[in-house]
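*Asks:* The sequence isn't on hand, but the structure is:
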């Protein structure tokens with residue numbers, strides 16, 4: 001399935017679950033943008049999103065997490081599938097992977113409007129297909145809850161991919177970003 005077809009399917013799915021979304025978040029940087037929706041059916045969270053990078057290509061992801069929330073700590077562990085369509089000079093740099101990972105959030109007890117959020121996913125070679133050898137993604141951010149349900153943040157994200165036809169690792173999406181998250 002081509003990336004455009006996958007992105008269309010993800011967009012249609014996103015429209016269908018928007019009325020029941022539990023989380024909507026996104027970020028912008030100088031050269032990229034991300035949008036993510038999550039549907040919470042306690043303790044599970046089903047998520048989907050897309051990333052566009054002006055100098056690297058685009059990717060889409062979907063997955064499921066199991067969450068545990070006990071203030072001041074939140075933890076989510078799960079599985080995620082990621083489709084990548086990079087725009088590199090060397091030809092076809094597209095593929096997909098299935099990975100494992102999750103997130104950790106610490107809410108400062110004496111300043112509960114502030115929190116630290118860290119997430120990481122690893123997509124091993126065993127579960128990578130087409131021209132993708134392996135990939136990993138990380139995201140760290142400092143969040144400020146402007147209201148009880150809306151946060152803004154300053155973050156740093158990286159999506160690094162190893163391809164079968166390249167010796168070097170491609171940093172598809174590495175940036176400092178400004179974002180938002182809304183919880184319903």
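*Replies:* Everything's here; your move. Everything numeric in this text was worked out from a predicted model, so none of it was measured. Numbering: from 1, shown residues only.
*Asks:* Let me see the ranges of the strands in this structure.
*Replies:* 23-28, 32-41, 44-53, 57-70, 73-86, 93-107, 114-123, 128-130, 132-145, 150-163, 170-183 (DSSP state E).
*Asks:* Output these in CSV, with mean neighbour count and mean pLDDT appended to each entry.
*Replies:* For the C-beta atoms, the positions are set from N, CA and C on the backbone; glycine is no exception. Output for these, formatted as CSV (neighbours: other CB atoms under 10 Å; pLDDT from 0 to 100):
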stretch, mean neighbour count, mean pLDDT
strand 23-28, 18, 93
strand 32-41, 19, 93
strand 44-53, 19, 93
strand 57-70, 18, 92
strand 73-86, 19, 93
strand 93-107, 19, 93
strand 114-123, 18, 96
strand 128-130, 16, 89
strand 132-145, 19, 94
strand 150-163, 19, 92
strand 170-183, 18, 89
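*Asks:* Out of all residues in this protein, which is the farthest from the middle?
*Replies:* residue 110 (29.0 Å; CA atoms, centre = their mean).
*Asks:* Phi, psi for it please.
*Replies:* Dihedral pair for residue 110: phi -90, psi -10, per degrees, to the nearest 10.
*Asks:* And the pLDDT for residue 88?
*Replies:* On pLDDT, residue 88 comes in at 69.
*Asks:* In the sheet, which residues pair with residue 82? Tell me.
*Replies:* For residue 82, the beta-bridge partners are residue 61, residue 97 (DSSP bridges).
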